[in-house]
Structures are given as structure tokens and as C-alpha cells.
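S.K.: sequence first, predicted model second:
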Amino acid sequence: MQKSHVRKIHLLCIGVLVCGLLAGGARAVTFQLSNGQTVAGEPVSPNEKGVLLRQDDGSYSDRVAWDKFSEADLKQLAAANPKITPFVAALIEPPPTVEAKKAAEKVAIVIKNDYERLARPAPQSLVKSLFGSGVSLLALLLIYAANIYAGYEVSIFRARSPGLICGVSAVLPFLGPLIFLCLPTQVEDKSEIVQEPVHEKEAYHVGEPPPEETHAGALSLHAQEAAAAALPATRTFARGQFTLNRRFFETQFPGFFTLVRRDADREMELIFKSARGTYTAQRITRVSANELHLQVQAGHASHEVMVPFLEIQEVVLKHKDA
């Protein structure tokens, strides 16, 4: 009787031991870490640094940090042991709300091909297109006005009648200014200029003059004729015969660039005939690539005048008494 009782106790202890081993083996879980390693064991002693894994043989692994577990393993650990939840709650994404689910739903993109299209304008000819809008008419008017102004500039450059060239430019746009631009510069014909003879001053005498006065008058007349013969010849430089540019004036009239002219040029006058008028220059104050500035006497005062090279038609160098 006592032996059978002892045997029952032994069998009970063995069964409890086997059940404990089976239960311990059932609690062992395999985890796939983020570094690629695989660990298995029962999680024990959790804290903020991680958790220990108890192996089947009763040993313990090193403490595994929480951030090495996947989110699915963290959820599994929290569900198995509520004490682990405070340590892994920050690493587990909360479940999406209803609004988040609705926002995450993709909206179907509908491509509409039946919208109203703008009608293309009807094809027109070039002339009808140019005169079909106010903007094009304004552009054509500006171009036409520029064409007439170009004719005016050509008339100054070629020393011709501005009215004639502007009228031809108005009738033949672009072609009129081009035609007159190809023509040579019009030079005034010197043969048509009629020089009036110099009339001697009439002398009125009462009675016969004394012989001495007659002889003195003859001597003074001869002196005037001799002085006129001694005057330097008048030189004329017309456009077309000479290139009127900066180099021309610097080489032909160097004495007119100084403040005090030399003896040879002191009694000389320099006359400019241009489209703006005729100027008698006392001095050339300055000259540039396209124009020159003249000092002109006006009454008891002098002033400076700017004359472009393109407007100069003729330059005359003569003695003031000639």
C-alpha cells in the first residue's frame, strides 16, 4: 500500500516537470531583428533599454534593444506581456482613424476629353491679316511715318529738296528713299552764280578839283587795286568733291583750332553752308567723329553752334576783305 502511494507521487512529479518543460518550450518565440539576426526565447525582465530572452536550456541572451525588433514583433510582445507596452508604445504606429483612412483613399483621376475647344480663326491672306486689327493698322502707320522721315534724312544727306523726296517717299514707300539715296549729292553749279560788278563810289565835285587831289585819288585807286590783287585766293570745298569729315577739317584748317590764330590765318574767314543755315566761324572749338562745333559771332557776343558733317554742303575759306 505504501509503495503504490509513493509511486503515484513520483509519477505526479514527473508529469508536473514534463508539463513545465512543455510550457516553457511553448513560450519561446523566434524574432527576426533589423540587423538580419534571428533570436529565439522567452522575453523576460523588460525595461526602457530592452528585454532579455531566456533560452530553452535556461540561459539568457544579451539584452536586445527595442528598436531592433520589427513593428509586428513589438505588437506581439505587447499583446503577450502588458508590462512591455509602456516601453514600445512610442515605436508602434497608432491605428489610423476613420478620417485618415478616408484621406488615404486614392481619388480616381477622371480625364475629360469632351471640353469645349476654341475655334481656330479662318485662314486669311497676308494683306487682309495686316489690315484686320487695330494693332496691325497702328504698326503700319508708324512704319509709313518712319518711311517719310527717312526720306527727309536722305534729302539732308544728298542736299536735295526735302519736299520732293518726302513726296516721292509717300507715294513709293521704301523705294523712294532708296532711289534718292543711290543718287549722288547735289552740288550747287558755280557757273549759274552771277557776280555783280563792284560799283565804284560816285564822287560829286563842284567845279574842277585841284590837280593835287586828282593825283592823290588816282594813287589811292591804284593802291586799292594792288591790295585786292595781293589778297589770298578764295577756296571752296563742296560736298561730293571733298569728303567732309574730321580728318578733312583737321588737315585743311589747323589754324582755326587755336585760341589765337597765326598771322597767315588771322585775316581769314571760314564760312559753312549747311541745311540749317550759313555760319561764319571765328574758330572751330571742337570736332568729333560725326560733328563739329563752331564759335560764331552774333552782334557783340559770340556763341557756339553744332553742325553735323552730313548737313554741311559747302565750306568757303576767304579773306575778310575779299
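M.R.: Structure received.

S.K.: I'd assumed Pro177 was in contact with Val154.
M.R.: Yes: counting by CB atoms under 8 Å, Val154 does reach Pro177; the two are 4.9 Å apart. (Each C-beta comes from the backbone N, C-alpha and C, glycine too.)

S.K.: need the overlap of contacts for the two.
M.R.: When contacts are counted by CB atoms under 8 Å, 6 or more residues apart in numbering, Val154 and Pro177 have Ile165 as shared neighbours.

S.K.: how about stretch 52-64: buried residues?
M.R.: Leu52, Leu53, Arg54, Val64 (16 or more other CB atoms under 10 Å).

S.K.: right, I mislabeled it, should have said stretch 136-148
M.R.: Across stretch 136-148, burial judged by 16+ other CB under 10 Å covers Asn147, Ile148.

S.K.: look up how far Ser133 lies from the most centrally placed residue in the chain.
M.R.: In the chain, the centroid-proximal residue (CA atoms, centre = their mean) is Ala139; its distance is 23.0 Å. Separation of Ala139 from Ser133 (CB to CB, to the nearest Å): 10 Å.

S.K.: list residues touching both of the two?
M.R.: Between them, Ala139 and Ser133 share no contacting residue, judged by CB under 8 Å, 6+ apart.

S.K.: got a pLDDT number for Ile10?
M.R.: That one is not Ile; residue 10 is His. Here, the pLDDT recorded for His10 equals 64.

S.K.: hmm, I was thinking of Ala238
M.R.: 90.

S.K.: burial count for it?
M.R.: 18 (other CB atoms under 10 Å).

S.K.: that one: what secondary structure?
M.R.: strand (DSSP: H, G, I helix; E, B strand; the rest coil).

S.K.: next one: it relative to Thr278, how far apart?
M.R.: 14 Å.

S.K.: what of Pro184?
M.R.: 23 Å.

S.K.: what segments of the stretch 151-300 of the chain are strands?
M.R.: Ranges of strands in the stretch 151-300 of the chain, per DSSP state E, counting those that start in this stretch, are 235-238, 268-274, 277-287, 291-298.

S.K.: buried sites along the third one?
M.R.: If I follow you right, that is strand 277-287. Result for strand 277-287 [16+ other CB under 10 Å]: buried residues Tyr279, Ala281, Arg283, Ile284, Thr285, Val287.

S.K.: among the buried residues of stretch 52-64, name the ones in strands.
M.R.: Leu52, Leu53, Arg54 (DSSP state E).

S.K.: reformat those as a markdown table; add pLDDT.
M.R.: Shown next, in a markdown table, are these (pLDDT from 0 to 100):
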| residue | pLDDT |
| --- | --- |
| Leu52 | 82 |
| Leu53 | 81 |
| Arg54 | 83 |
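
S.K.: how many residues are close by the residue lying closest to Ala281 once chain neighbours are set aside?
M.R.: Among residues not flanking Ala281 along the chain, Leu294 sits closest, at 4.0 Å (CB to CB, 6 or more residues apart in numbering). A total of 22 residues lie near Leu294 under the criterion other CB under 10 Å.

S.K.: same question, Pro82
M.R.: If you count neighbours by other CB under 10 Å, Pro82 ends up with 8.

S.K.: quick check: it vs Asp67, distance?
M.R.: Pro82 is 20 Å from Asp67, by CB to CB.

S.K.: was I right to think Asn35 contacts Lys68?
M.R.: Yes: between Asn35 and Lys68 there is a contact under CB under 8 Å: 6.6 Å.

S.K.: more crowded one of those two?
M.R.: Ranked by neighbour count (other CB under 10 Å), Asn35 and Lys68 place Lys68 first, with 15 against 6.

S.K.: appreciated, that's everything.
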